[in-house]
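A.B. asks: Based on what follows, work out the 3D shape:
(chains A and B)
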Amino acid sequence: NAGVTQTPKFQVLKTGQSMTLQCAQDMNHEYMSWYRQDPGMGLRLIHYSVGAGITDQGEVPNGYNVSRSTTEDFPLRLLSAAPSQTSVYFCASSYSRGPFEQYFGPGTRLTVT
Amino acid sequence: TQLLEQSPQFLSIQEGENLTVYCNSSSVFSSLQWYRQEPGEGPVLLVTVVTGGEVKKLKRLTFQFGDARKDSSLHITAAQPGDTGLYLCAGMGTGNQFYFGTGTSLTVIP
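C.D. replies: Numbering: from 1, shown residues only, chains lettered A, B, ... in the order given. A predicted model of the protein is given here:
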(Lines give C-alpha, C1' and ligand atoms only; values in the text may rest on other atoms or scores of the structure.)
Protein backbone atom coordinates (compact mmCIF):
# COMPACT_ATOMS: atom_id res chain seq x y z
CA ASN A 1 0.00 0.00 0.00
CA ALA A 2 1.19 3.52 -0.82
CA GLY A 3 -0.78 4.96 2.12
CA VAL A 4 -1.58 8.66 1.74
CA THR A 5 0.07 10.43 -1.19
CA GLN A 6 0.20 14.17 -1.85
CA THR A 7 1.28 16.14 -4.89
CA PRO A 8 3.08 18.40 -5.48
CA LYS A 9 5.72 18.37 -2.72
CA PHE A 10 6.61 22.03 -3.28
CA GLN A 11 4.76 24.85 -5.01
CA VAL A 12 5.30 28.57 -5.49
CA LEU A 13 2.32 30.70 -6.52
CA LYS A 14 1.81 34.36 -7.23
CA THR A 15 -0.94 36.23 -5.39
CA GLY A 16 -4.27 35.68 -7.12
CA GLN A 17 -3.36 32.42 -8.83
CA SER A 18 -5.39 29.28 -8.22
CA MET A 19 -4.24 25.71 -7.86
CA THR A 20 -5.28 22.28 -6.62
CA LEU A 21 -3.38 20.21 -4.08
CA GLN A 22 -3.91 16.52 -4.69
CA CYS A 23 -4.44 13.88 -2.03
CA ALA A 24 -5.11 10.17 -2.52
CA GLN A 25 -5.26 7.15 -0.20
CA ASP A 26 -5.46 3.44 -0.95
CA MET A 27 -6.60 2.19 2.46
CA ASN A 28 -10.35 2.48 1.78
CA HIS A 29 -10.66 5.06 4.55
CA GLU A 30 -13.94 6.93 4.78
CA TYR A 31 -12.61 9.95 6.69
CA MET A 32 -10.22 12.36 4.97
CA SER A 33 -9.06 15.77 6.05
CA TRP A 34 -6.82 18.69 5.15
CA TYR A 35 -4.68 20.61 7.64
CA ARG A 36 -2.31 23.50 7.43
CA GLN A 37 0.72 23.76 9.69
CA ASP A 38 2.24 27.11 10.55
CA PRO A 39 5.12 27.77 12.96
CA GLY A 40 3.97 27.88 16.58
CA MET A 41 0.36 27.05 15.68
CA GLY A 42 0.27 23.29 15.35
CA LEU A 43 -2.04 21.82 12.73
CA ARG A 44 -5.36 23.47 11.97
CA LEU A 45 -8.21 21.69 10.24
CA ILE A 46 -9.29 23.27 6.93
CA HIS A 47 -11.93 20.86 5.58
CA TYR A 48 -12.85 17.26 6.18
CA SER A 49 -15.02 14.54 4.68
CA VAL A 50 -16.67 11.51 6.27
CA GLY A 51 -17.33 9.83 2.93
CA ALA A 52 -17.75 10.31 -0.81
CA GLY A 53 -20.09 13.19 -1.55
CA ILE A 54 -19.91 14.63 1.98
CA THR A 55 -17.64 17.50 3.01
CA ASP A 56 -17.64 19.94 5.90
CA GLN A 57 -15.70 22.95 7.09
CA GLY A 58 -13.05 22.83 9.74
CA GLU A 59 -11.46 25.58 11.80
CA VAL A 60 -9.93 27.64 8.95
CA PRO A 61 -11.92 27.03 5.71
CA ASN A 62 -11.86 30.51 4.13
CA GLY A 63 -10.11 30.66 0.76
CA TYR A 64 -10.21 26.89 0.25
CA ASN A 65 -12.60 24.56 -1.52
CA VAL A 66 -12.90 20.76 -1.46
CA SER A 67 -14.90 18.01 -3.09
CA ARG A 68 -15.03 14.24 -2.55
CA SER A 69 -16.25 12.41 -5.63
CA THR A 70 -14.50 9.12 -4.77
CA THR A 71 -13.41 7.39 -1.57
CA GLU A 72 -9.76 7.58 -2.65
CA ASP A 73 -9.33 11.25 -3.61
CA PHE A 74 -9.77 14.48 -1.69
CA PRO A 75 -8.35 17.50 -3.58
CA LEU A 76 -7.95 20.92 -1.96
CA ARG A 77 -8.44 23.98 -4.17
CA LEU A 78 -7.02 27.41 -3.50
CA LEU A 79 -9.35 29.78 -5.30
CA SER A 80 -7.22 32.95 -5.30
CA ALA A 81 -3.93 32.49 -3.47
CA ALA A 82 -2.89 35.02 -0.83
CA PRO A 83 0.42 35.37 1.06
CA SER A 84 -1.44 34.34 4.24
CA GLN A 85 -1.89 30.90 2.68
CA THR A 86 1.85 30.28 2.70
CA SER A 87 2.07 27.14 4.80
CA VAL A 88 2.69 23.41 4.83
CA TYR A 89 -0.43 21.45 3.94
CA PHE A 90 -1.10 17.91 5.14
CA CYS A 91 -3.75 15.49 4.05
CA ALA A 92 -4.82 12.67 6.39
CA SER A 93 -7.19 9.72 6.29
CA SER A 94 -8.72 7.27 8.75
CA TYR A 95 -11.61 4.88 9.21
CA SER A 96 -14.74 6.70 10.37
CA ARG A 97 -15.47 4.22 13.14
CA GLY A 98 -13.71 3.95 16.46
CA PRO A 99 -10.88 6.27 17.47
CA PHE A 100 -10.22 7.79 13.99
CA GLU A 101 -6.51 6.99 13.94
CA GLN A 102 -5.18 9.25 11.22
CA TYR A 103 -2.52 8.49 8.63
CA PHE A 104 -0.83 11.58 7.19
CA GLY A 105 0.68 12.27 3.82
CA PRO A 106 4.18 13.77 3.42
CA GLY A 107 2.89 17.32 2.98
CA THR A 108 2.96 20.08 0.38
CA ARG A 109 5.03 23.18 1.10
CA LEU A 110 3.28 26.15 -0.51
CA THR A 111 4.73 29.65 -0.87
CA VAL A 112 2.59 32.52 -2.13
CA THR A 113 4.49 35.64 -3.22
CA THR B 1 -12.84 26.10 18.86
CA GLN B 2 -11.62 23.53 21.35
CA LEU B 3 -8.10 24.55 22.29
CA LEU B 4 -5.36 22.17 23.32
CA GLU B 5 -2.36 23.72 25.02
CA GLN B 6 0.92 21.86 25.17
CA SER B 7 3.81 22.48 27.51
CA PRO B 8 6.64 22.93 27.36
CA GLN B 9 6.93 24.32 23.84
CA PHE B 10 10.64 23.43 23.61
CA LEU B 11 12.64 20.85 25.52
CA SER B 12 16.34 20.06 25.23
CA ILE B 13 17.68 17.26 27.41
CA GLN B 14 20.64 14.91 27.69
CA GLU B 15 20.41 11.30 26.61
CA GLY B 16 19.20 9.12 29.48
CA GLU B 17 17.08 11.78 31.19
CA ASN B 18 13.35 11.47 31.77
CA LEU B 19 10.77 14.00 30.60
CA THR B 20 7.05 14.71 30.62
CA VAL B 21 5.01 16.63 28.07
CA TYR B 22 1.57 17.96 28.95
CA CYS B 23 -1.54 18.54 26.86
CA ASN B 24 -4.35 20.51 28.54
CA SER B 25 -7.76 21.80 27.56
CA SER B 26 -10.89 23.20 29.13
CA SER B 27 -12.96 21.01 26.76
CA VAL B 28 -13.84 17.34 26.98
CA PHE B 29 -12.62 15.07 24.19
CA SER B 30 -14.00 11.66 23.22
CA SER B 31 -10.48 10.49 22.44
CA LEU B 32 -7.01 11.90 22.47
CA GLN B 33 -4.06 11.01 20.30
CA TRP B 34 -0.31 11.61 20.38
CA TYR B 35 1.75 12.00 17.22
CA ARG B 36 5.45 12.45 16.52
CA GLN B 37 6.60 14.47 13.54
CA GLU B 38 10.09 14.64 12.08
CA PRO B 39 11.28 17.54 9.88
CA GLY B 40 9.88 17.44 6.35
CA GLU B 41 7.46 14.62 7.11
CA GLY B 42 3.86 14.18 8.19
CA PRO B 43 2.90 13.32 11.77
CA VAL B 44 2.93 9.64 12.73
CA LEU B 45 0.45 8.29 15.26
CA LEU B 46 1.97 6.97 18.50
CA VAL B 47 -1.11 6.15 20.57
CA THR B 48 -4.82 6.76 21.06
CA VAL B 49 -6.43 6.96 24.50
CA VAL B 50 -10.20 6.83 24.81
CA THR B 51 -11.10 6.17 28.47
CA GLY B 52 -10.73 8.69 31.29
CA GLY B 53 -7.85 7.61 33.54
CA GLU B 54 -6.42 5.29 30.89
CA VAL B 55 -2.68 4.64 30.91
CA LYS B 56 -0.91 3.13 27.91
CA LYS B 57 2.72 2.12 27.66
CA LEU B 58 4.74 1.88 24.47
CA LYS B 59 8.24 0.70 25.40
CA ARG B 60 9.80 3.77 27.12
CA LEU B 61 6.77 6.00 26.44
CA THR B 62 3.86 6.21 28.90
CA PHE B 63 0.66 8.01 27.96
CA GLN B 64 -2.09 9.01 30.36
CA PHE B 65 -5.57 10.39 29.73
CA GLY B 66 -7.02 12.52 32.50
CA ASP B 67 -10.03 11.29 34.45
CA ALA B 68 -12.19 14.09 33.07
CA ARG B 69 -10.90 13.54 29.52
CA LYS B 70 -9.66 17.12 29.27
CA ASP B 71 -5.91 16.53 29.54
CA SER B 72 -3.17 14.05 28.78
CA SER B 73 0.52 13.55 29.41
CA LEU B 74 3.38 11.80 27.66
CA HIS B 75 6.28 10.57 29.78
CA ILE B 76 9.51 9.34 28.20
CA THR B 77 11.93 7.32 30.30
CA ALA B 78 15.65 7.33 29.51
CA ALA B 79 15.34 9.50 26.41
CA GLN B 80 17.40 8.60 23.37
CA PRO B 81 18.49 10.74 20.37
CA GLY B 82 15.97 8.81 18.25
CA ASP B 83 13.19 10.36 20.36
CA THR B 84 14.01 13.79 18.92
CA GLY B 85 11.06 15.33 17.11
CA LEU B 86 7.89 17.38 17.41
CA TYR B 87 5.28 15.79 19.66
CA LEU B 88 1.66 16.73 18.99
CA CYS B 89 -1.48 15.91 20.89
CA ALA B 90 -4.82 15.89 19.10
CA GLY B 91 -8.35 15.54 20.38
CA MET B 92 -11.56 14.70 18.63
CA GLY B 93 -14.19 17.19 19.63
CA THR B 94 -17.71 17.77 18.46
CA GLY B 95 -18.72 17.09 14.87
CA ASN B 96 -15.87 14.68 14.03
CA GLN B 97 -13.36 17.54 14.06
CA PHE B 98 -9.81 17.12 15.28
CA TYR B 99 -8.02 19.81 17.24
CA PHE B 100 -4.24 19.75 17.53
CA GLY B 101 -2.04 21.19 20.21
CA THR B 102 0.74 23.61 19.29
CA GLY B 103 3.38 20.93 19.77
CA THR B 104 6.45 20.24 21.90
CA SER B 105 9.79 20.25 20.12
CA LEU B 106 12.08 17.74 21.82
CA THR B 107 15.83 17.54 21.27
CA VAL B 108 17.78 14.73 22.92
CA ILE B 109 21.50 15.44 23.01
CA PRO B 110 23.82 12.40 22.81
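
A.B. asks: Confirm B:Arg36 sits in a helix?
C.D. replies: No - counting by DSSP: H, G, I helix; E, B strand; the rest coil, B:Arg36 falls outside a helix, being strand.

A.B. asks: Does it touch B:Gly85 like I think?
C.D. replies: Yes - under the criterion of C-beta atoms under 8 Å, B:Arg36 makes contact with B:Gly85 at 4.7 Å. C-beta: built from backbone N, CA, C; applies to glycine.

A.B. asks: Return the residues of chain B in contact with chain A.
C.D. replies: By C-beta under 8 Å from any C-beta of the partner chain, the residues of chain B that approach chain A are B:1, B:4, B:6, B:9, B:31, B:33, B:40-45, B:48, B:50, B:88, B:90, B:92, B:95-103.

A.B. asks: Now go through those and say which are in strands.
C.D. replies: Counted as lying in strands by DSSP state E, out of the residues of chain B next to chain A, are B:6, B:31, B:33, B:44-45, B:48, B:88, B:90, B:92, B:98-100.

A.B. asks: I'd like those as CSV, with distance to A:Ser96 and pLDDT appended.
C.D. replies: Listed next are these as CSV, based on distance: C-beta to C-beta, whole Å; pLDDT from 0 to 100:
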residue, distance to A:Ser96, pLDDT
B:Gln6, 26, 94
B:Ser31, 13, 88
B:Gln33, 15, 95
B:Val44, 20, 96
B:Leu45, 16, 95
B:Thr48, 15, 93
B:Leu88, 21, 96
B:Ala90, 16, 94
B:Met92, 11, 85
B:Phe98, 13, 88
B:Tyr99, 18, 91
B:Phe100, 19, 93
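
A.B. asks: hmm, which of these are the buried ones?
C.D. replies: B:6, B:31, B:33, B:45, B:48, B:88, B:90, B:92, B:98-100 (16 or more other C-beta atoms under 10 Å in any protein chain shown).

A.B. asks: closest point of chain B to chain A, which residue?
C.D. replies: B:Gly42 (3.2 Å; C-beta to the nearest C-beta).

A.B. asks: Identify the spatial nearest neighbour of that residue, chain neighbours not counted.
C.D. replies: Nearest non-adjacent residue to B:Gly42, counting by C-beta to C-beta, 6 or more residues apart in numbering or on different chains: A:Phe104, 3.2 Å away.

A.B. asks: pretty sure that neighbour is in contact with A:Ala92, am I right?
C.D. replies: Yes - with contacts counted by C-beta under 8 Å, A:Phe104 reaches A:Ala92, the gap being 4.7 Å.
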